[in-house]
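Engineer: Predicted coordinates and the sequence they were generated for:
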Amino acid sequence: MNDLDLLKDLRRATPEITPAAAAAARDRLRAEWTEPARGPRRAVPRGWSPPRLATRAVLAGALGLALAVGIGVAQNTGDPRHGVRPGTSIANAAVLGERAARAVENTPFTMPRPDQWIYHKGQSAQFRGDMNTWWLGMDTRRMNTWEDWERVDGQGSAQFVGGRLQVRTPGRREDLSGDLVGYKAPGPDMYRVIKELPTEPGALLRALYDPDTLRVPDNPDAPKNVPRAVRVKPDDRSVFGTITDLLQRPLPPKLRAALYRALPRIPGVSVQTDATDAAGRHGTAFTNTFEGWVREMIILAPATYRYLGTRSYAVRDHVAQGEGTVKKGSVLQLTAQLDMRVVGKPGARH
């Protein structure tokens with residue numbers, strides 16, 4: 001029996017592959033082609049390495065055979081009421097990253113000026129207690145809707161307090177006697193950072209793990225007794241958080257696409273195919289469990305891959321030393337981004 005006859009015999013007992021399964025298998029192939037190898041490797045003689053292209057070709061052949069005989073990947077059939085399209089297949093985080101990147105990398109964009117402002121409108125769950133009893137988690141039945149403004153160059157922030165717009169800028173605060181009572185340092189100059197970040201996923205991750213990338217420059221006008229920021233090397237959780245923060249901002253499409261492609265390279269990142277934000281919108285999420293007890297999510301719209309919001313919760317009980325115990329299932333963060341745009345001044349919404 002030749003190879004074609006063998007393939008025919010295998011094919012007779014196998015149901016016809018669906019278009020969705022075929023698309024998902026192709027996505028997996030593309031993801032494996034571009035995703036770096038993970039995990040320990042067996043030792044090989046010094047001076048020799050397996051041919052990368054040949055290794056990928058073997059993988060392609062294996063996936064090609066899977067397609068030929070109708071072996072698909074797990075699919076999320078979805079529920080239209082939940083905002084997940086029927087037939088959508090998300091095989092792994094690399095597939096989600098690649099799909100999201102392709103959806104956004106060619107969208108129109110104009111880089112904001114340093115003196116412009118970013119308007120944010122969002123929704124978030126309220127604390128069961130307050131910030132001093134954070135371990136009690138959030139009450140997901142009670143939501144706050146909020147607005148704030150952030151100057152692009154980090155030199156100001158604003159929000160409404162008691163119906164009045166309060167604009168805060170860096171600088172010293174003195175009492176009536178002229179004694180220093182406080183000092184607000186400049187925020188990160190995200191305009192500068194965003195322009196300088198690389199758009200190749202590997203290089204981007206290296207930059208985000210570098211403590212100097214998001215360092216706030218010392219302000220020469222700050223008093224001598226103002227403590228300087230301590231540089232701490234970012235870990236996986238803080239890099240995941242930095243990407244979450246960046247995705248909430250106006251970004252060049254190539255950088256946004258690179259962030260989506262970089263997320264699956266953070267160890268432990270996987271996919272949740274139906275996650276709900278604070279506004280009740282359903283989407284697909286990058287997710288990871290950190291320190292063995294807290295699961296965090298970045299939720300994207302299922303069709304457009306637009307950033308929707310975040311969710312984090314405890315997957316087991318956790319004792320916060322000197323504070324309290326986080327109970328399994330406690331929601332620690334639940335947010336939704338309702339609007340984000342560049343405006344000319346604080347208080348403007350359009």
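Structural biologist: Right, received. Where do you want to start?
Engineer: Please, where are all the helices along this structure?
Structural biologist: If DSSP state H is used as the criterion, the helices of the chain fall at 3-12, 19-34, 52-69, 93-104, 190-196, 201-208, 236-247, 253-262.
Engineer: among the ones you listed, which gets the worst mean confidence?
Structural biologist: Note on those: lowest mean pLDDT is at helix 52-69, with a mean of 31.
Engineer: Low-confidence ranges, this structure, go.
Structural biologist: Low-confidence segments of the chain, defined by pLDDT under 70: 1-89, 171-188, 216-231.
Engineer: what residues go with each domain of it?
Structural biologist: Domain segmentation of the chain under automatic domain parsing yields 3-35+51-102, 112-343.
Engineer: so who does the spatially closest residue to residue 209 that is not a sequence neighbour touch?
Structural biologist: Nearest residue to residue 209, sequence neighbours excluded (Cβ to Cβ, 6 or more residues apart in numbering): residue 234, at 5.4 Å. Backbone N, C-alpha and C define where each C-beta goes, glycine included. Applying Cβ atoms under 8 Å, 6 or more residues apart in numbering, we find residue 234 in contact with 208-211, 242.
Engineer: mind listing the strands for the stretch 51-200 of the chain?
Structural biologist: With DSSP state E, counting those that start in this stretch, the ranges of strands along the stretch 51-200 of the chain come out as 117-127, 138-151, 157-161, 164-168, 171-174, 180-184.
Engineer: highest average neighbour count across the ones you listed?
Structural biologist: strand 117-127 (a mean of 19; mean count of other Cβ atoms under 10 Å).
Engineer: Provide the angle between the direction of that strand and the direction of strand 157-161.
Structural biologist: If you take axes from the mean of the first three to the mean of the last three Cα atoms, to 10 degrees, strand 117-127 sits at 50 degrees to strand 157-161.
Engineer: packing partners for strand 117-127?
Structural biologist: Secondary-structure packing of strand 117-127 (3 or more Cβ pairs under 8 Å, 6 or more residues apart in numbering; DSSP states H and E): strand 138-151, strand 331-343.
Engineer: Now distance to residue 201 too, for those, in TSV please.
Structural biologist: Shown next, in TSV, are the helices and strands packed on strand 117-127 (distance: least, Cβ to Cβ, whole Å):
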stretch	distance to residue 201
strand 138-151	26
strand 331-343	23
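Engineer: which one of those lies closest to residue 116?
Structural biologist: Smallest distance to residue 116 across these (Cβ to Cβ): 5.3 Å, for strand 331-343.
Engineer: Can I get that closest one in CSV, CA atoms only?
Structural biologist: Taking Å, rounded to 0.1, in the frame of the first residue of the first chain, the C-alpha atoms of strand 331-343 are listed here in CSV:
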residue,chain,number,x,y,z
VAL,A,331,-12.7,39.6,42.7
LEU,A,332,-9.8,42.0,43.2
GLN,A,333,-10.2,44.1,40.0
LEU,A,334,-13.0,44.6,37.5
THR,A,335,-12.9,47.4,35.0
ALA,A,336,-14.2,48.6,31.7
GLN,A,337,-12.9,51.2,29.3
LEU,A,338,-16.0,53.1,28.0
ASP,A,339,-14.2,55.8,26.1
MET,A,340,-10.6,56.9,25.3
ARG,A,341,-9.6,59.8,23.0
VAL,A,342,-7.1,62.6,22.6
VAL,A,343,-8.5,66.1,23.4
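Engineer: That one - which strands sit beside it in the sheet, and in what orientation?
Structural biologist: Sheet pairing of strand 331-343 (DSSP bridges) gives strand 117-127 (antiparallel), strand 307-314 (antiparallel).
Engineer: ok, and what's touching it?
Structural biologist: Contact with strand 331-343 is made by 112, 116-125, 134, 137-138, 140, 145, 149, 152, 248-250, 277-279, 281, 294, 296, 307-314, 326, 349-350, as judged by Cβ under 8 Å, 6+ apart.
Engineer: quick one: that strand to helix 236-247, angle?
Structural biologist: Inter-element angle recorded for strand 331-343 and helix 236-247: 30 degrees (by the same axes, to 10 degrees).
Engineer: before we move on, back to that, drop anything exposed from the contacts of residue 234.
Structural biologist: 208-209, 242 (16 or more other Cβ atoms under 10 Å).
Engineer: ok, so of those residues, who is nearest residue 168?
Structural biologist: Within the buried ones among the contacts of residue 234, proximity to residue 168 (Cβ to Cβ) peaks at residue 242, which comes in at 22.9 Å.
Engineer: Now do the contacts for that closest one.
Structural biologist: Taking Cβ under 8 Å, 6+ apart, we find residue 242 in contact with 208, 214, 234.
Engineer: Turn the residues you listed into a markdown table, including distance to residue 255.
Structural biologist: Shown next, in a markdown table, are the contacts of residue 242 (distance: Cβ to Cβ, whole Å):
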| residue | distance to residue 255 |
| --- | --- |
| 208 | 12 |
| 214 | 14 |
| 234 | 18 |
